[in-house]
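In: sequence unknown, structure follows:
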């Protein structure tokens with residue numbers, strides 16, 4: 001299956017997502033404290049960078065990363081890979097909805113709801129997705145090598 005050559009790149013990708021998530025939450029917290037236009041725009045810029053990176057991250061996984069390798073070398077995991085791809089689309093759609101509000105909302109209550117509840121829901125979806133993805137990679141690795149990492 002050839003996981004070792006992409007293992008470092010995959011680890012780096014996930015670390016970058018983690019760093020960007022941390023920066024996003026910092027900007028969000030600044031907005032929630034200041035509750036002004038300047039911090040809202042800074043949060044929106046970080047949100048856009050995060051959404052763009054998530055899209056690139058998912059594209060890497062789908063095209064250059066491990067999903068193709070798993071399906072090619074371990075077809076019995078194809079259904080789980082399809083579920084991960086569907087989750088990619090749901091997360092992309094959810095981040096697009098948040099960005100649409102970020103670009104257009106002037107309502108402080110709506111902004112607060114999106115910066116808290118809706119963003120938290122998106123990040124929870126992403127966390128759950130990443131956990132399922134990690135489990136699949138580990139199972140495929142064990143299936144191929146007969147040993148854990």
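Out: Thanks, I have it. Values in this document were obtained by computation on a predicted structure and should not be read as measured data.
In: low pLDDT regions in this protein?
Out: Residue ranges of the chain with pLDDT under 70: 1-6, 147-149.
In: Give me the buried stretch members for stretch 110-120, please.
Out: For stretch 110-120, the neighbour count (16 or more other C-beta atoms under 10 Å) marks 111, 114-115, 119 as buried. All C-beta spots, glycine's among them, are computed from the backbone N, C-alpha and C.
In: Any idea how far apart the tips of that stretch sit?
Out: In stretch 110-120, first residue to last residue: 14 Å (C-alpha to C-alpha, to the nearest Å).
In: Please state the offset of the longest helix belonging to the chain from the chain centre?
Out: If you go by DSSP state H, the chain has its longest helix at helix 3-34. Offset of helix 3-34 from its chain centre (C-alpha atoms, centre = their mean, to the nearest Å): 9 Å.
In: Check stretch 59-68 too.
Out: The answer for stretch 59-68 is 14 Å, by C-alpha atoms, centre = their mean.
In: who touches that stretch?
Out: Under the contact criterion C-beta atoms under 8 Å, 6 or more residues apart in numbering, stretch 59-68 has outside partners 3, 6, 9-10, 13, 81, 84-85, 88, 133, 137, 140.
In: State the distance from residue 51 to residue 144.
Out: Distance, residue 51 to residue 144, by C-beta to C-beta, to the nearest Å: 33 Å.
In: Show me what stretch 7-14 is in contact with.
Out: Here stretch 7-14 makes contact (C-beta under 8 Å, 6+ apart) with 57, 60-61, 65-66, 130, 137.
In: Then stretch 24-43?
Out: By C-beta under 8 Å, 6+ apart, stretch 24-43 touches 45-47, 50, 102, 108, 111-112, 115-116, 119.
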